[in-house]
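[1] no FASTA, just this:
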């Protein structure tokens, strides 16, 4: 009973099958000049086309990377002026932003940022605005199109004043691609990060999409792969797996989103009924179907987590990032959650292997263990 | 009949078997707090220990990366002063060096650099010297221990003059680990790059080893993985595969080196006998057992390559890097090879799947095709 799909997803068996030949018989260096290597290059290029198609982009606008963190760093490396980010961005965005002048824009209690606040934070020196499509802890979906509009306005106004400093909107859509439309043109972004590991693909495979007008600067230089923007022998098997993974999640997006939504709502209803005092966080409507964030004020979520673990139910208390260990979630702080509520927070994120039976069983176990912990605290 | 092991190696089936569970049942995020994820973290840490042991290092001195190119960039990011490199370094080293002040030290006609020349190139501002253990085109092995001695002298002299600028010796040992002792203490280096993809491990998995006195600066920031020096969810399957791969090559190193050496010498003898005018490059003695670099002056190596390809023999004309396409090898230029010799150069690199029969068969085909090409040029 795994409820931590936001932290890691198992490889879809079809993804693994697609990758396997590229580890063994098709192991060739895609830059080598003989026929079987050229075939590998062709397959690699075709995989990039599949991925590009899934987000309505052109294949040569994709820079394949070793995951979302690298993509984010590359985006920030290419826009070295002032940056604007939200208070609930992923650690990679906050860390990349903090290397230079930046403004952190607050979010409301549901975890949404206001496009007006973004607009107000943009200065004459701002080169990048970075807002994740959906928050990995709360599941809250940001109004990216409206933010894109605000950025566009700022850009137009600056241009009218003769300021030609580039201004890009970057979004990390890693958490959303299985449930949301991530067509780059509809989102209105200039830069987009995706991560195969969040969609039943391999770990350490990601991409940065950059609109053709964006001037990128490479962070990793060398053999000139990925149009000179990210050198290193291509991760052929990984990119083939990424393509298969995104093809699968996009094909099944509608059905899977409805299915997860139903499961999540059932789980939420059971837990809310058992614990009327529990606090549900994240936007009620603009939220990923996979996400349920629930807090039990006054209880110790870590103790509950370990009790659940011993019964085979795996959940998270915060985002599963190394830097997060032993510290309170910056996301919960940013939505104004009191410490004693935050400390009793569980994040349950659903995915492929969850079904009605596992949700019912898990809900029963969670209810038992939360009650046990509540009785321990207040007998 | 694959003779391009320096460009890419197939995954050893034992490596793939070791990796497989970490794609599926053991897919957990190693930073997650529940038992199965902690088990994954333990396996990841154990894999790093295995790798560390293979090079006589401590596990917490390893920073896992997405391959040699990233490792090299990280090494240079941590030493932002003047750099000293040889003229035959890999593109990644040359590109990283060229971002700042640097000196390119020549090599002799065998591809070896003189430690005295390295010593002479070190200025008061030099922070990094980078010399690959073995050249990927010629197979020539550098006198790294003597270079380490020269760097140590320079450091001592600078210190005596009150100059406390750090000075590190970095070596990319990606090409050598299956055949040479790469114990970091015996080599005397401060930084070492390795690449799993060159030793029958997965592509885009590498490491930078840094001695405990080296102060590293992260290039990719975020969740704080790899002691904050390289963020991003760990490539668990990849690192497990790397450990298995290095364990296997180190275990079989002696036997495999002798085997390859015999095969290579047989191939070299047959080709030299058939073409007494052919030029053999690389150091006769200090050379990787896998490497044979042979030039047919006046002939077009690319035409030979395609003729060989059509008969199932895969060889290289230069190093298989994207940036190298359509240009002459900078390595051959650096050893003073005339263009008309360089243009007729083949690189044959041997590995696991080559045996007596395949070498004899390939030699016969190469002889036929080189003769055919020679007759075309001069009927």
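    Okay, I see it. Nothing here was measured: the structure is a model prediction, and the numbers come from that model.
[2] Quickly find the element holding whichever residue of the stretch 101-250 of chain A sits closest to chain B.
    Residue nearest to chain B within the stretch 101-250 of chain A (Cβ to the nearest Cβ): residue A:222, separated by 3.1 Å. No exception for glycine: its C-beta is placed from N, CA and C like everyone else's. Under DSSP states H and E, no helix or strand contains residue A:222.
[3] distance of it from residue B:197?
    As judged by Cβ to Cβ, to the nearest Å, residue A:222 and residue B:197 stand 14 Å apart.
[4] contacting residues around the residue of the stretch 101-250 of chain A closest to chain B?
    Contact analysis of residue A:222 by Cβ atoms under 8 Å, 6 or more residues apart in numbering or on different chains lists A:231-232, B:69, B:72-73, B:90-92, B:95-96, B:321, B:323.
[5] can you check residue A:75 too?
    Counting by Cβ under 8 Å, 6+ apart, residue A:75 makes contact with A:96, A:128, A:130, A:168, A:170, A:191, A:193, A:208, A:210.
[6] Grab the nearest non-local neighbour of the second one.
    Read it as residue A:128. Using Cβ to Cβ, 6 or more residues apart in numbering or on different chains and skipping residues adjacent in sequence, the residue nearest residue A:128 is residue A:79, 3.7 Å away.
[7] correct me, but residue A:236 touches residue A:43?
    Yes. Shown here, residue A:236 and residue A:43 form a contact pair, counting by Cβ atoms under 8 Å, at 7.4 Å.
[8] which intervals of chain A have sub-threshold pLDDT?
    Judged by pLDDT under 70, chain A has its weakly predicted residues at A:318-326.
[9] about what we covered before: in strands, which of the contacts of residue A:75 fall?
    Using DSSP state E, the subset of these located in strands is A:128, A:130, A:168, A:170, A:191, A:193, A:208, A:210.
[10] Residue A:236 and residue A:43: who's more crowded?
    Using other Cβ atoms under 10 Å in any protein chain shown, the more surrounded residue of residue A:236 and residue A:43 is residue A:236, with 26 against 19.
[11] hmm, stretch A:298-314 touching chain B?
    Yes. On the criterion Cβ under 8 Å from any Cβ of the partner chain, stretch A:298-314 is in touch with chain B at A:302, A:305-306, A:308-309, A:314.
[12] just the buried members of these?
    Among those, those that count as buried by neighbour count (16 or more other Cβ atoms under 10 Å in any protein chain shown) are A:305, A:308-309, A:314.
[13] Where helices are concerned, which of these count?
    A:305, A:308-309 (DSSP state H).
[14] any chance of those in TSV, with distance to residue A:182 too?
    Below are those laid out as TSV (distance: Cβ to Cβ, whole Å):
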residue	distance to residue A:182
A:305	31
A:308	32
A:309	33
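[15] Closest to chain B out of the residues you listed?
    For those, the closest approach to chain B (Cβ to the nearest Cβ) belongs to residue A:309, at 4.2 Å.
[16] now that closest one: how far from residue A:294?
    Counting by Cβ to Cβ - residue A:309 and residue A:294 are separated by 17 Å.
[17] What are the boundaries of the strands in the stretch 151-300 of chain A?
    Taking DSSP state E, counting those that start in this stretch as the test, the strands found in the stretch 151-300 of chain A are A:168-172, A:191-195, A:206-210, A:279-281, A:291-295.
[18] Output the ones you listed in JSON lines, with mean neighbour count and distance to chain B appended to each entry.
    What follows is the strands of the stretch 151-300 of chain A, written out as JSON lines (neighbours: other Cβ atoms under 10 Å in any protein chain shown; distance: least, Cβ to the nearest Cβ, whole Å):
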{"stretch": "strand A:168-172", "mean neighbour count": "27", "distance to chain B": "11"}
{"stretch": "strand A:191-195", "mean neighbour count": "28", "distance to chain B": "8"}
{"stretch": "strand A:206-210", "mean neighbour count": "28", "distance to chain B": "9"}
{"stretch": "strand A:279-281", "mean neighbour count": "19", "distance to chain B": "20"}
{"stretch": "strand A:291-295", "mean neighbour count": "25", "distance to chain B": "16"}
